[in-house]
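*Asks:* need a 3D model of the following:
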Amino acid sequence: GLFLAPLVWLLLGFGAMLTLRFMWFVLVLVAFTCSMINVVGYTKCKKDARSKLSALGGSVLSRGMEMSASLWGARRGGSSGSGSGGGGGSV
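*Replies:* Numbers count the residues shown, from 1 in each chain. Sure, this is the predicted structure:
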């Protein structure tokens, strides 16, 4: 779809050039240019988004692991602390 449109405009441009229809050739040239700008922009954004997503995924994963480790440590420490605190209140 996205990569097929410039090819179609290119074929139409060759047809307009061979039949010597200058105005159609100009129109096709503008359409081809717009299609190519779209393709180039899409590929650049796709590469940039992929690198940002992988960097974001790595940082989110490491933060999630740190958070789960800290929560796991708090749960282990919290259960033993509350047991000794309850017994010491009666003195």
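*Asks:* the protein: strands as residue ranges?
*Replies:* For the chain, strands defined by DSSP state E do not occur.
*Asks:* so where's it shaky on pLDDT?
*Replies:* 57-67, 69, 74, 76-91 (pLDDT under 70).
*Asks:* all helices of it, in order?
*Replies:* Taking DSSP state H as the test, the helices found in the chain are 4-18, 22-88.
*Asks:* packing partners for the shortest one?
*Replies:* Think helix 4-18. Other elements packing on helix 4-18 under the criterion 3 or more CB pairs under 8 Å, 6 or more residues apart in numbering; DSSP states H and E are helix 22-88. Quick note: C-beta positions are derived from backbone N, CA and C, even for glycine.
*Asks:* separation between residue 46 and residue 11?
*Replies:* For residue 46, the distance to residue 11 (CB to CB, to the nearest Å) stands at 25 Å.
*Asks:* an error on my part: the question was meant for residue 52.
*Replies:* Distance of residue 52 to residue 11, given as CB to CB: 36 Å.
*Asks:* can you check residue 48 too?
*Replies:* 31 Å.
*Asks:* how about residue 24?
*Replies:* 13 Å.
*Asks:* look up how far residue 52 lies from residue 23.
*Replies:* Distance, residue 23 to residue 52, by CB to CB: 44 Å.
*Asks:* same deal with residue 42?
*Replies:* Distance, residue 42 to residue 52, by CB to CB: 16 Å.
*Asks:* with residue 36 instead?
*Replies:* Between residue 36 and residue 52 the computed distance is 24 Å (CB to CB).
*Asks:* thanks a lot, see you next time.
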